[in-house]
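Visitor: here is the input, now give the coordinates:
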Amino acid sequence: MLRITWYLDATHKYLDALFKYLDASHKYLDASHKYLDASHKYLDASHKYLDALFKYLDASHKYLVDLHKYLDASHKYLDELCKYLDALHKYLDDLCNDFMTLSYYLATLSLLLQGRETSKGNMSTNGGSFQYSVLPNGKRFRRDTKPKEWLQVMETSVNDVIPEDSCNGMTYRQSPSMLKQGGYIRRREDERR
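Guide: Predicted coordinates for the structure are as follows:
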């Protein structure tokens with residue numbers, strides 16, 4: 001009788017321990033299920049994030065490609081505009097020279113009509129010589145002066161510096177203090193600026 005009681009008591013304890021173990025296992029499996037469910041949600045969210053990131057990078061790539069094409073087109077446009085402006089500058093420069101030439105001839109014609117012809121002469125400079133003319137205001141200038149410098153010569157006084165002259169590769173200008181002697185001094189490079 002005692003053996004049966006002991007056996008039943010031991011069986012009860014074993015079943016009680018087994019029940020506790022199964023209960024703990026159930027809780028563990030339930031927690032594992034919750035963890036796996038959370039992991040699944042995290043992976044799903046990560047997948048959505050990576051998908052959105054891929055779409056963003058793809059859109060950024062397309063934007064950069066379009067931007068590169070736009071900048072390339074802008075560069076070509078600016079290059080053509082630069083060429084156009086350069087051609088326009090040359091055209092206006094030629095037009096200005098033509099205008100100055102016309103103004104010179106008109107001024108000369110006006111002087112001739114007034115009976116005030118200019119005198120002529122020769123001048124030498126350090127191994128070279130050139131012809132010059134004298135206007136009614138007493139101004140001497142080289143006869144090969146550039147067209148756009150004619151009016152400047154016409155409008156200056158006898159005490160002003162005449163346009164620069166080049167002789168044997170050297171540049172000269174007439175000094176006001178040496179004007180009466182017809183002397184020339186070398187034009188320094190810093191005076192060109």
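
Visitor: for the helix or strand hosting residue 98, name the packing helices and strands.
Guide: Remark: residue 98 resides in helix 2-113, with elements defined by DSSP states H and E. Counting by 3 or more CB pairs under 8 Å, 6 or more residues apart in numbering; DSSP states H and E, the packing neighbours recorded for helix 2-113 are helix 150-155. (Each C-beta comes from the backbone N, C-alpha and C, glycine too.)

Visitor: residues near residue 34, how many?
Guide: 10 (other CB atoms under 10 Å).

Visitor: cool, residue 55 as well?
Guide: Using other CB under 10 Å: residue 55 sits among 10 other residues.

Visitor: and it, how far is that from residue 62?
Guide: 11 Å (CB to CB, to the nearest Å).

Visitor: then residue 56?
Guide: Applying CB to CB, the value for residue 56 to residue 62 is 11 Å.

Visitor: same check on residue 73?
Guide: Here the criterion is CB to CB. By it, residue 73 lies 16 Å from residue 62.

Visitor: ditto for residue 22
Guide: Residue 22 sits 59 Å away from residue 62, going by CB to CB.

Visitor: before we move on, what about residue 9?
Guide: When CB to CB is the yardstick, residue 9 and residue 62 sit 79 Å from each other.

Visitor: how does this protein divide up, domain by domain?
Guide: Under the assignment named as automatic domain parsing, the residue ranges that make up the domains of the chain are 52-116, 118-191.

Visitor: least confident of the ones you listed, on average?
Guide: Looking at these, the lowest mean pLDDT belongs to domain 118-191 (a mean of 45).

Visitor: quick one: mean pLDDT for stretch 10-30?
Guide: Along stretch 10-30, the predicted local confidence has a mean pLDDT of 93.

Visitor: alpha carbons only: can I get that stretch in PDB?
Guide: Taking C-alpha atoms only, stretch 10-30 is exported to PDB below (Å, rounded to 0.1, in the frame of the first residue of the first chain):
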ATOM      1  CA  ALA A  10       6.100  10.400  -7.500                       C
ATOM      2  CA  THR A  11       3.900  10.200 -10.600                       C
ATOM      3  CA  HIS A  12       2.000  13.300  -9.500                       C
ATOM      4  CA  LYS A  13       5.300  15.200  -9.000                       C
ATOM      5  CA  TYR A  14       6.600  14.000 -12.400                       C
ATOM      6  CA  LEU A  15       3.400  15.100 -14.100                       C
ATOM      7  CA  ASP A  16       3.400  18.400 -12.200                       C
ATOM      8  CA  ALA A  17       7.000  19.000 -13.300                       C
ATOM      9  CA  LEU A  18       6.100  17.900 -16.900                       C
ATOM     10  CA  PHE A  19       3.200  20.300 -16.900                       C
ATOM     11  CA  LYS A  20       5.400  23.200 -15.700                       C
ATOM     12  CA  TYR A  21       7.900  22.300 -18.400                       C
ATOM     13  CA  LEU A  22       5.300  22.200 -21.100                       C
ATOM     14  CA  ASP A  23       3.800  25.500 -19.800                       C
ATOM     15  CA  ALA A  24       7.300  27.100 -20.000                       C
ATOM     16  CA  SER A  25       7.800  25.600 -23.500                       C
ATOM     17  CA  HIS A  26       4.500  27.000 -24.600                       C
ATOM     18  CA  LYS A  27       5.500  30.400 -23.300                       C
ATOM     19  CA  TYR A  28       8.800  30.200 -25.000                       C
ATOM     20  CA  LEU A  29       7.200  29.100 -28.300                       C
ATOM     21  CA  ASP A  30       4.700  31.900 -27.900                       C
END
